[in-house]
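Undergrad: based on what follows, work out the 3D shape:
(one chain, ligands or ions: 1)
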Amino acid sequence: MPRLFTGIEIPADVAESLSMLRGGLPGARWVQPENYHLTLRFIGDVDDVVAREAAYMLGQVRREGFELRLDDLSAFGGRKPRALVANVAPSQPLMDLQAEHERLMRRAGLEPEGRKYTPHVTLARLRDSSSRQVAEYLSARGMFRSLPFQVSRFVLFSSRASTGGGPYIEEAVYPLAAYAAIGTR
Ligand code: 3AM
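TA: As a prediction, this is how the structure comes out:
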């Protein structure tokens with residue numbers, strides 16, 4: 001059974017700036033820069049019929065590309081930190097695209113995602129890092145802000161069955177349209 005999720009790729013120059021943040025946090029397992037991604041909708045372990053239905057549904061998306069920027073770092077998990085992440089500057093087109101993925105995946109037969117969507121790029125998974133070590137790391141790194149980048153497609157990724165994690169495979173790629181013709185405003 002493939003383990004699937006939809007997401008957005010991180011361009012090489014942004015990935016390089018994120019990779020500079022690796023190191024300096026005990027207990028962190030750093031994500032390989034080629035595996036950085038922005039998850040839109042976790043699908044999970046599904047059979048081939050559901051996987052094909054999901055892939056077909058995603059092909060129905062008709063949206064324009066948009067710009068994103070990563071803005072600031074934080075940790076998920078509070079007192080028991082489990083991930084170090086880069087946050088995404090607020091983007092309505094991103095939230096709209098994510099909401100459409102949610103609707104389409106329900107129509108493909110998946111259970112609703114119970115968790116609120118918090119866009120992020122995971123930089124490290126944390127096993128034994130204390131909240132204090134994370135706070136020290138974050139204050140030492142100061143403010144992180146990426147260059148803006150254009151999102152012109154999204155991807156149906158598979159990860160290792162059951163366990164998740166990279167390397168991720170691009171099962172299908174879905175273009176977002178170029179900006180609408182000049183002169184329509
Ligand atoms: O984007 P990141 O790497 O933070 O944590 C998993 C990973 O997130 C998440 O899906 C992404 C691709 O594997 N994930 C794993 N299990 C999940 C679940 N049960 C999950 N997201 C929601 N529900």
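
Undergrad: just the residues contacting the helix or strand containing residue 121, thanks.
TA: Under the criterion of DSSP states H and E, residue 121 resides in strand 120-126. By C-beta atoms under 8 Å, 6 or more residues apart in numbering, the residues outside strand 120-126 that reach it are 10, 18, 21-22, 25, 27-31, 36-39, 70, 73-77, 81-88, 134. Using the backbone N, CA and C atoms, a C-beta is placed for each residue, glycine as well.

Undergrad: which of those residues are buried, as a ChimeraX select command?
TA: Buried residues among the contacts of strand 120-126 (16 or more other C-beta atoms under 10 Å), as a ChimeraX selection:
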select :10,18,21,25,28,30,31,36,37,38,39,70,73,75,81,83,84,85,86,87,88,134
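
Undergrad: which ones among the contacts of strand 120-126 map onto helices?
TA: Among the contacts of strand 120-126, the members falling in helices (DSSP state H) are 18, 134.

Undergrad: mark which of the contacts of strand 120-126 are part of strands, please.
TA: 28-30, 37-39, 70, 73-76, 83-88 (DSSP state E).

Undergrad: these: which ones sit near the ligand?
TA: Under the cut-off given by C-beta under 6 Å from any ligand atom, the ligand has residue 39 from those close to it.

Undergrad: hang on, residue 167 packs against residue 35?
TA: Yes - counting by C-beta atoms under 8 Å, residue 167 does reach residue 35; the two are 6.2 Å apart.

Undergrad: and those two? Which one has more around it.
TA: residue 35 (16 against 11; other C-beta atoms under 10 Å).

Undergrad: helix, strand or coil for the closest residue to the more buried one other than its chain neighbours?
TA: Spatial nearest neighbour of residue 35, excluding adjacent residues (C-beta to C-beta, 6 or more residues apart in numbering): residue 166 at 3.4 Å. Following DSSP: H, G, I helix; E, B strand; the rest coil, the label given to residue 166 is coil.

Undergrad: please name the nearest non-neighbouring residue to residue 80.
TA: residue 131 (7.5 Å).

Undergrad: was I right to think that neighbour contacts residue 76?
TA: No - in this structure, residue 131 is not within contact of residue 76 by C-beta under 8 Å, at 11.5 Å.

Undergrad: and residue 19, how far from the ligand?
TA: 16 Å (C-beta to the nearest ligand atom, to the nearest Å).

Undergrad: who's in contact with that residue?
TA: By C-beta under 8 Å, 6+ apart, the neighbours of residue 19 are residue 33.

Undergrad: contact distance from the ligand - what residues of the protein qualify?
TA: 5, 39, 42, 122, 159, 164.
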